[in-house]
Every structure is written in C-alpha cells, then in structure tokens.
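J.: The sequence and its predicted three-dimensional model are supplied below.
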Amino acid sequence: MHTFEYVRATDTREVVQLLADDPAAACLAGGTTQLDMMKDGVLEPPTLIDITRLPLHGIERRGEILHVGALVTMEELAADATVAERLPMVRESLLQGASVQLRNMATIGGNLLQRTRCRYFRDPTVSACNKRTPDSGCAAVEGVARMHAVLGASERCIALHASDLAVALVALDAAVHVQGPSHSRTVPLTEFYLTAAESPQRENVLEHAELITEVEIPLPPAAARSGYLKVRDRTSYEFALTSAAVLLVVDHATIRQARVGLGGVGTKPWRAYEAEHVLTGAPATTATFLDAADATMRDAWTVPGTAFKVPLARRTLVRELQNVSGVDV
Ligand code: FAD
Ligand code: SF4
C-alpha cells in the first residue's frame, strides 16, 4: 500500500473543510471497503481522514421516522428494537450481508457508499475499465460477468451496486442527510444513485467535500408486511446474485400498497416502480406477481455471463411477493 497521511477528526465541519481543501483526500469509516481498495492499489489518497470519532452514532425514533447516524454499524442497526418491530426487511438485509465481524466494523454511511465488487475495477493491471479510466472500455462485458448488473447496464459499464441494505432503503423511500462546507441537504435515496449507463465513473450525487451524516427511514404503516430475500451461491458471507425487498399492504386480498426494491441486478440499488404499478390495486395472486416480475425485467441488458439473472430475478421477486403476502406459499 502507498504511504498516506492519517488525520483523526472529531468535528463534522472540520472534516468537510479538510475535504474541501484537499480534492484527493478520502474518509475512513469502518474501512472495510476503503482499506481493501487501497491495499489493491485502486485508490491512493494522499490523506485519509478518520471520521469514526464524529458524533454520528445515534439511532433515534422521532414520530414515524427513524433517524440513523451515519456511523452506526450494521450490527447495531440490525439489533435496534424499532428496526426489529417495524422494519423487518432492513434487519434481514443487514443480517444477510457480509459476516458478523465485518458488520461490527462496517457503518451505515459506508455501506451505502461501498464500491462495486467488479473484479476488473479492483485490479489496476486491467486497463479497460471506464469506471476507473474514462473511455478505456469495459473488460467485464466480454469477460467473467457473473456478479454483474442487468438493469441500468450498458456496454459502457455493467458494474453492480452490491449493498443489500440500500435495496431495502430505496424501497422504503429513505433519504440521506448530507453536510457540505457551507450547506446541508437531504437527498432521497431514489435520487442519490446514478446508473452506470448514465455515468460509469460517478456512482452517486455526493460531492467530494460532502459527508453523509444521517439516514432517515420513514416507518411503514402498521398494517404493512415486508421481507428481504437474498439468493446467493452460499448462505453466508456472500453477495447477492439476486435479491428482492418487498413491502405490501393487502386488504381483503387486494394489494393497497406495494414497494419493491431489487438487488444483485442493478448498477444502482433498484427501485422497481414498474412492479409497484402492476401490483397496486391488483388481486394478491401469483398471476399478478408474475406480471409484476415481467414488467420489472423487461428492459434488462445482458451479456452471456449475466443472462441467467433475468429469470432468476423474476423468480426471486415472485417468491418474495408470495412470502410476504402469504399467497401460494
Ligand atoms: P469504509 O470502507 O470506511 O468507506 C467506504 C466508502 O465510503 C469510502 O469511500 C469512504 O470514504 C466513504 N464514506 C464512509 N462513510 C462516509 C460518510 N459518512 N460520508 C461520506 N463518505 C463516507 N455489503 C453488503 O451489503 N452485503 C454483503 O453481503 C457484503 N459482503 C461483504 C463481504 C466482504 C468480504 C466485504 C469486505 C464487504 C462486504 N460488504 C457487503 C460490504 C460492506 O458492507 C461494506 O464494505 C461496508 O458496509 C462499508 O462500510 P465501512 O464503514 O467499512 O466503509
Ligand atoms: Fe469497469 Fe464497470 Fe466494466 Fe467493471 S463493469 S470493468 S467497473 S467499466
């Protein structure tokens, strides 16, 4: 790993000013993505600002909104009583991610900002990677692409956004609070991420000198049922091949409200509006669920390595709609 200056900060405004003063500096939270990529030689920031001492560790319920500090760990959020009671799909998405050791280090802010696992992106000896080097090509399109995306993908880049938590949070209309040097703003997660087809190099709308300080999660109606299904090559310590976060309010066998997020398939955590449109107001039946899954995957862009994901994602979504609704299980 290259040498770098280590700075420990205790004040949020100090961090954003340090970032504003140094366009190449980077933040260190749990370090489970950042340090990996520095060891691989993909990132070489001259300065690393340790933000773990910032006062962003709280979880607080205010009315029907849960406020989660960016430095809360994945394990802490999964163990929260409100999450267990009202946000089962958040809890399930967290507990099915990484390992318990990683979840004790990894923060919520870092999870949302984790970088793609594309093996070509993470190998600086591969020259063709539009995400690392603009207009250099994409080695994955004709390479090994099993863990890549089919929604929001194009020949420019098929890198997957691998966060499980973000899939649940986009379905729940969560938002991030962002602090900059002279401003703060709140960005809905559905508007936070960019697809690789839009911009392989830029994955979200966060500016260099902005910090995520908090995630705001609206609590769903008490009548809602929800869950997160993750399909993967082995049942622990593995990223999703496909996943589905589903929230339904069903009344007299009719779907009154539907929220759907998909993972393992998108270049960003995917909100499946097409599926929600099909589901809302329709009878809660497997026929409806199949129509919803078809609508979602209609615009998939595949390469030979990722083609299997289209039928797998359809089945994953249908199964989770069945699980959550209790229909045809
Ligand atoms: P860091 O590595 O410290 O930071 C990540 C990035 O975010 C860096 O660019 C950093 O500068 C930036 N950053 C961090 N916090 C902030 C902030 N508050 N504001 C602005 N920028 C910030 N994830 C899953 O969802 N599912 C899995 O199954 C899964 N499996 C994994 C398996 C392994 C072996 C590993 C190593 C990781 C896995 N992960 C998985 C990813 C893991 O969840 C992330 O690495 C972790 O959540 C990142 O959090 P962190 O605090 O360690 O972030
Ligand atoms: Fe790079 Fe994206 Fe292609 Fe991976 S998929 S090699 S990140 S351009």
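T.: Happy to help now that I have it. Ligands and ions are numbered 1, 2, ... in the order given.
J.: for ligand 1, what are the nearby residues on the chain?
T.: Taking CB under 6 Å from any ligand atom, the part of the chain that reaches ligand 1 is made up of 26-34, 36, 70, 97-98, 102, 105-107, 109-111, 113-114, 162-165, 211-212, 239. Any C-beta I mention is one placed from the backbone N, CA and C, and that applies to glycine too.
J.: Just the buried subset of the residues you listed, please.
T.: 26-34, 70, 97-98, 105-107, 109-111, 113-114, 162-165, 211-212, 239 (16 or more other CB atoms under 10 Å).
J.: which residue is nearest the middle of this structure?
T.: Geometric centre of the chain, nearest residue: A166, 3.0 Å, by CA atoms, centre = their mean.
J.: So which of the buried ones among the residues of the chain next to ligand 1 belong to helices?
T.: Among these, DSSP state H puts Q34, M105, G109, G110, N111, D164, L165 in helices.
J.: can you tell me how far the residue of the chain found nearest ligand 1 sits from A222?
T.: Residue nearest to ligand 1 within the chain: G110 (2.1 Å; CB to the nearest ligand atom). According to CB to CB, to the nearest Å, G110 stands 31 Å off from A222.
J.: how many neighbours does V303 have?
T.: Look at V303: counted by other CB atoms under 10 Å, it has 17 neighbours.
J.: Check it and give its pLDDT.
T.: Per-residue pLDDT puts V303 at 97.
J.: Contact partners for it?
T.: V303 makes contacts with A140, V141, E142, A145, H148, I158, as judged by CB atoms under 8 Å, 6 or more residues apart in numbering.
J.: what do you get if the cut-off is 6 Å, keeping everything else the same?
T.: Neighbouring residues of V303 by CB atoms under 6 Å, 6 or more residues apart in numbering: V141, A145.
J.: can you start the count at 5 instead of 1 from here on
T.: Fine by me, first position is 5 from now on; the one you just mentioned is V307.
J.: Give me the three-state assignment for it.
T.: coil (DSSP: H, G, I helix; E, B strand; the rest coil).
J.: got it, and S230?
T.: Per three-state DSSP, S230 ends up strand.
J.: gap between it and T111?
T.: Taken as CB to CB, the span from S230 to T111 is 23 Å.
J.: now do E220
T.: Counting by CB to CB - E220 and T111 are separated by 16 Å.
J.: ok, which stretches of the stretch 205-333 of the chain are helices?
T.: Using DSSP state H, counting those that start in this stretch, the helices found in the stretch 205-333 of the chain span residues 277-283, 290-301, 313-329.
J.: how near is the residue lying farthest from the centre of the chain to A288?
T.: No residue in the chain sits farther from the centre than H256, which is 33.2 Å out by CA atoms, centre = their mean. Distance of H256 to A288, computed by CB to CB: 10 Å.
J.: And for P192?
T.: 27 Å.
J.: Give me the more crowded residue out of the two.
T.: Taking neighbours as other CB under 10 Å, P192 and A288 compare with A288 leading, 23 against 13.
J.: Next, the more buried one: phi, psi?
T.: For A288, the backbone dihedrals (degrees, to the nearest 10) come out as phi -80, psi 90.
J.: ok, it touching S329?
T.: Yes: if you go by CB atoms under 6 Å, A288 and S329 touch, sitting 4.7 Å apart.
J.: Give the intersection of the neighbour lists for these two.
T.: V254.
J.: which residues in the stretch 55-204 of the chain form helices?
T.: 78-83, 85-90, 92-99, 104-109, 112-116, 168-175, 193-196.
J.: Point out the other elements, helices or strands, that the first one touches.
T.: Which is helix 78-83. helix 92-99, helix 104-109 (3 or more CB pairs under 6 Å, 6 or more residues apart in numbering; DSSP states H and E).
J.: hmm, try it at 8 Å
T.: Applying 3 or more CB pairs under 8 Å, 6 or more residues apart in numbering; DSSP states H and E, we find helix 78-83 packed against helix 92-99, helix 104-109, helix 112-116.
J.: hmm, who's touching that helix?
T.: 63, 72, 87, 94-95, 98-99, 101-102, 104, 106-108, 110-112, 115, 169.
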